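Participant: Pasted the sequence and its predicted model underneath.
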Amino acid sequence: MQSALEGLEKTYFTLQTQIDMLGAGCKTQAQRDALMTQYVQARQNYWSCVNDAFHDEDPQVANLTKQIEAGNQQLAKAVEQMGDISKTIDMITNVVNVGTALAGKAITG
């Protein structure tokens, strides 16, 4: 199993490397806005935890880490296939929301 920070990093870096392609797939300004909102939140989640630690033995952290790992796998597949941009943005939103919950469990140093 990956670490909590690795999960946050994977979400952010997946979006960072694919943001232009995802943005090009958006058909409306509302979709572009939703995409950028999630991208900015993923970046915030990752960078807010870079110098922090997690209690890996905490059941909530372990559960959220498993959820973000599964979500990142779905995200990679959704970005790769990107058939329906609305569904892809929904998938991104779900993964970023898990990341936000996980980032909230960080122990600030």
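Facilitator: Good, I have the coordinates. Note that this is a predicted model, so its numbers are computed, not measured. Residues are numbered from 1 along each chain as shown.
Participant: Low-confidence stretches in the protein?
Facilitator: 1, 109 (pLDDT under 70).
Participant: Burial check on V50, number of neighbours?
Facilitator: Neighbourhood size, V50 [other CB atoms under 10 Å]: 10. (Glycine included, C-beta is placed from N, CA and C.)
Participant: now swap in the one 5 residues further on and tell me
Facilitator: If you count neighbours by other CB under 10 Å, H55 ends up with 13.
Participant: Wasn't it part of a strand?
Facilitator: No. Judged by DSSP: H, G, I helix; E, B strand; the rest coil, H55 forms no part of a strand; its state is coil.
Participant: Provide a list of residues in contact with the nearest residue to it once chain neighbours are set aside.
Facilitator: Using CB to CB, 6 or more residues apart in numbering and skipping residues adjacent in sequence, the residue nearest H55 is V61, 5.8 Å away. Neighbouring residues of V61 by CB atoms under 8 Å, 6 or more residues apart in numbering: 4, 54-55, 102, 105.
Participant: Likewise for E9?
Facilitator: When contacts are counted by CB under 8 Å, 6+ apart, E9 touches Y46.
Participant: hang on, it is in a helix, isn't it?
Facilitator: Yes. Counting by three-state DSSP, E9 is located in a helix.
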